[in-house]
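Asks: pasting the structure only:
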């Protein structure tokens, strides 16, 4: 049951930032989704940001370093990390250091951090990852059940 909740939470978080969920769970190297973007209006090739979602309390800078390694081994331009809670002061400093070390993606004179971090509170406030553009997903709408309780009774 915990896995099911975790999977649905990850799916929600990835889709909330306009990403696409990773369909398989084994062998995904911790990648829960991807966000696609183009580097310019004339660019027809898609670039990608890999996304990882962590909901636990024991999040460490090594988790972010692992994500950076995955970003580089997969050839992704960027990586996004979504976490449940705010980080402590020391954790924030450690995470910022790892993200700064990853550098920036510079396009048309604009710098985009290659590694970015959002909390669920950020996501709920409408904050999104900084990318040059965004290819929006076609997410499946939630099914709507017919309102069977307010139907007129037959014969009336």
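Replies: Happy to help now that I have it. If you're wondering where the values come from, they're calculated on a predicted model, not measured in any experiment. Residues are numbered from 1 along each chain as shown.

Asks: Surely residue 97 and residue 65 touch.
Replies: No: counting by C-beta atoms under 8 Å, residue 97 does not reach residue 65; the two are 10.1 Å apart. C-beta coordinates here come from the backbone N, C-alpha and C atoms, glycine included.

Asks: Just want to know which of the two has more residues nearby.
Replies: Higher neighbour count among residue 97 and residue 65: residue 65, with 16 against 11, using other C-beta atoms under 10 Å.

Asks: Confirm that the more buried one sits in a helix.
Replies: Yes: according to DSSP: H, G, I helix; E, B strand; the rest coil, residue 65 belongs to a helix.

Asks: how about it, what does it touch?
Replies: Shown in contact with residue 65 (C-beta atoms under 8 Å, 6 or more residues apart in numbering): residue 98.

Asks: Next: residue 31.
Replies: Counting by C-beta under 8 Å, 6+ apart, residue 31 touches 22, 50, 51, 52, 70, 74.

Asks: again, only using 7 Å
Replies: By C-beta atoms under 7 Å, 6 or more residues apart in numbering, residue 31 lies in contact with 22, 50, 52, 70.

Asks: tell me which of those residues is nearest to residue 6?
Replies: Comparing those against residue 6 with C-beta to C-beta places residue 52 closest, at 12.6 Å.
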